[in-house]
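Peer 1: What follows is a predicted structure for the sequence shown.
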Amino acid sequence: MSLYSVVVPVYNSEHTLDELYGRLRKVFDETMKEPFELILVDDSSRDNSYEKMQMLHQKDPRVKIIQMAKNFGQHPALLCGFQYATGDYVITMDDDLQHPPEEIPKLAAVIKERSDVDVIIAKYEGRKHNVIRRLGTRVSVYATSKMLNKDPNLEITSFRLMRKFIVDAILQMNVRLPQIGNLLVQTSNRIINVTVHHDERKYGKSGYTFRRLMRDLIYDITTHSALPLIIVRDIGIISFFASILLGIFYLVRYFVYGVSVEGFTTLVLLLVAYSGLSLLGIGVIGQYLMNILNESRKMPNYIERRKEL
């Protein structure tokens, strides 16, 4: 028999935790007949989520609960939960019941049959996310496929089943603003998708905003790829040679045909173009330097305030 660790980041989910626990217990105790532990990480919720977690912990010692000191985000919360996972396999899923626990046996069956697979990521059938979330997923899939040489057909979602050594490897990485999907791609190329059902969100609304989408995208690009610098470099090279050709053209006109440059319009436009290019280059380089600074400071991904294990 194998022990499964189910890690769930929790944020303002007091209405879903009882049902989530009940369905997980039924899946493992009755359907799979395998031992499990449930690790709930409260990402500084503003409702009574932690009190609900305490009740579940008192009711069932297999439920481990941790409360973060402040709202660090979904991915740092997962890293926090990984620290306490002791299972042979680690499952991550959301707290909003959009990931049906009843689909876990399907993921478990595949990974036990496929010794060559390290990670199984659920691919949603009939995705129920909002427009911003769907847009974010499409952009993320495209960006990571280009930056990390990932299979563009591999979908990255937050419903996953991983072998324990993969989780241990991720915990060795010291990355600010971690993205678990990107870390998985950097850890193993033995990752596959398995199609699962995706349920409607029952309570509350998603915290996946356009602002968060842009923040994650900018950080991913400047952390995992030198593409912006390459683009700026190429524009600079093209602009440099274009300016030389333009200068030769005006010199030939002046010395051969006696035609002088009319006014300062061309010079002003060139000056503005080069100034904008310089500022763009400085901005991109500055973002890279800021990321290097953040990495060198080794800021913690999370701080635990209290826990009951």
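Peer 2: Looks like it came in fine.
Peer 1: how about the helices of the stretch 201-309 of the chain, start to end?
Peer 2: 210-224, 227-257, 265-297 (DSSP state H, counting those that start in this stretch).
Peer 1: any chance you could map the helices in the stretch 1-150 of the chain?
Peer 2: Under DSSP H, counting those that start in this stretch, the stretch 1-150 of the chain gives helices at 17-26, 49-59, 74-82, 104-113, 131-147.
Peer 1: So which of the helices of the stretch 201-309 of the chain is nearest residue 157?
Peer 2: helix 210-224 (14.6 Å; CB to CB). Heads up, the C-betas are built off the backbone N, CA and C, glycines and all.
Peer 1: Make a markdown table out of the helices of the stretch 1-150 of the chain and add mean neighbour count, distance to residue 240 and mean pLDDT.
Peer 2: Shown next, in a markdown table, are those (neighbours: other CB atoms under 10 Å; distance: least, CB to CB, whole Å; pLDDT from 0 to 100):
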| stretch | mean neighbour count | distance to residue 240 | mean pLDDT |
| --- | --- | --- | --- |
| helix 17-26 | 18 | 59 | 97 |
| helix 49-59 | 18 | 57 | 96 |
| helix 74-82 | 23 | 41 | 94 |
| helix 104-113 | 16 | 53 | 96 |
| helix 131-147 | 16 | 27 | 63 |
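Peer 1: Of all the ones you listed, which one is nearest residue 158?
Peer 2: Of the helices of the stretch 1-150 of the chain, the one closest to residue 158 (CB to CB) turns out to be helix 74-82, at 7.2 Å.
Peer 1: elements contacting that closest one?
Peer 2: Contacts defined by 3 or more CB pairs under 8 Å, 6 or more residues apart in numbering; DSSP states H and E place helix 74-82 against strand 4-10, strand 36-42, strand 63-68, helix 164-171, helix 180-187.
Peer 1: what helices or strands is the very next helix or strand once past the last one leaning on?
Peer 2: Put plainly, it is helix 180-187. Per DSSP states H and E, the first helix or strand lying C-terminal to helix 180-187 is strand 191-197. Helices and strands touching strand 191-197, as assessed by 3+ CB pairs under 8 Å, 6+ apart, comprise helix 104-113, strand 119-125.
Peer 1: Many thanks, I have nothing further to ask.
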